[in-house]
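Asks: just coords:
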């Protein structure tokens with residue numbers, strides 16, 4: 001299962017989230033965080049990430065804007081949500097072995113995962129879906145496009161498109177639990 005929603009955020013909400021890319025703190029990190037790369041983040045998928053946005057009472061928080069929009073557009077009732085902002089800098093990515101070398105993976109601890117794209121409109125740096133972790137070529141490519149949301153079942157093999165051409169790629173990753181049984185497994 002994978003889905004694409006064009007024009008995900010309203011224009012005003014899209015602008016509010018863009019303002020966060022300009023105004024909040026990002027920490028240098030890498031993906032996947034579960035592996036050790038000898039202290040050199042450029043040996044992985046180097047990126048810069050915000051803190052996770054937390055549930056709060058502010059209707060204009062990134063957490064609430066995303067949650068309300070996703071539930072409205074999909075009809076899926078979110079039980080748990082993790083979302084944050086990520087920047088991928090081309091000069092760092094070019095120094096990494098993952099540059100133009102996609103590595104399929106699966107996400108954990110969620111029912112669906114996905115991305116919102118903010119500043120790129122390119123097939124090469126979208127999301128790649130694979131049949132297995134051993135595939136060299138993706139079965140499906142979902143190109144990036146500003147305000148496009150793609151989400152997929154976490155059982156799907158996927159990777160970010162690492163053929164980035166813009167200096168800094170902005171995305172909003174998210175991980176959603178909507179099944180009670182998943183929530184119960186994680187809480188244990």
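Replies: Perfect, I can see it now. Since we're looking at a predicted model, the values are computed, not measured. Numbers count the residues shown, from 1 in each chain.
Asks: wait, what's in contact with residue 182?
Replies: Shown in contact with residue 182 (CB atoms under 8 Å, 6 or more residues apart in numbering): 109, 110, 111. Backbone N, C-alpha and C define where each C-beta goes, glycine included.
Asks: Phi, psi for it please.
Replies: Per-residue torsions, residue 182: phi -70, psi -40 (degrees, to the nearest 10).
Asks: What does the pLDDT read for it?
Replies: Looking at residue 182, its pLDDT is 84.
Asks: go on, residue 7?
Replies: pLDDT, residue 7: 98.
Asks: Please confirm that it is located within a strand.
Replies: No - using DSSP: H, G, I helix; E, B strand; the rest coil, the assignment for residue 7 is coil, not a strand.
Asks: Next up, the contacts around the closest residue to it other than its chain neighbours.
Replies: Distances taken as CB to CB, 6 or more residues apart in numbering put residue 147 closest to residue 7, at 5.5 Å, once the chain neighbours are dropped. By CB under 8 Å, 6+ apart, the residues touching residue 147 are 6, 7, 8, 9, 14, 116, 117, 118.
Asks: Residue 26 too?
Replies: For residue 26, the contact set (CB under 8 Å, 6+ apart) comprises 48, 49, 50, 85, 87.
Asks: Just the buried ones out of the residues you listed, please.
Replies: 48, 49, 50, 85, 87 (16 or more other CB atoms under 10 Å).
Asks: now, which of the residues you listed lie within strands?
Replies: Among the buried ones among the contacts of residue 26, the members falling in strands (DSSP state E) are 48, 49, 87.
Asks: Going by neighbour count, list what's buried in stretch 38-52.
Replies: 41, 42, 43, 44, 45, 46, 47, 48, 49, 50.
Asks: residues in contact with it?
Replies: Contacts to stretch 38-52, defined as CB under 8 Å, 6+ apart, come from residues 20, 24-32, 35, 37, 82-89, 92-93, 95-98, 103, 160, 162.
Asks: and residue 175, that's in a strand?
Replies: Yes - under three-state DSSP, residue 175 sits within a strand.
Asks: need the contact list for it.
Replies: Residue 175 neighbours (CB under 8 Å, 6+ apart): 81, 82, 83, 107, 109, 110, 112, 113, 154.
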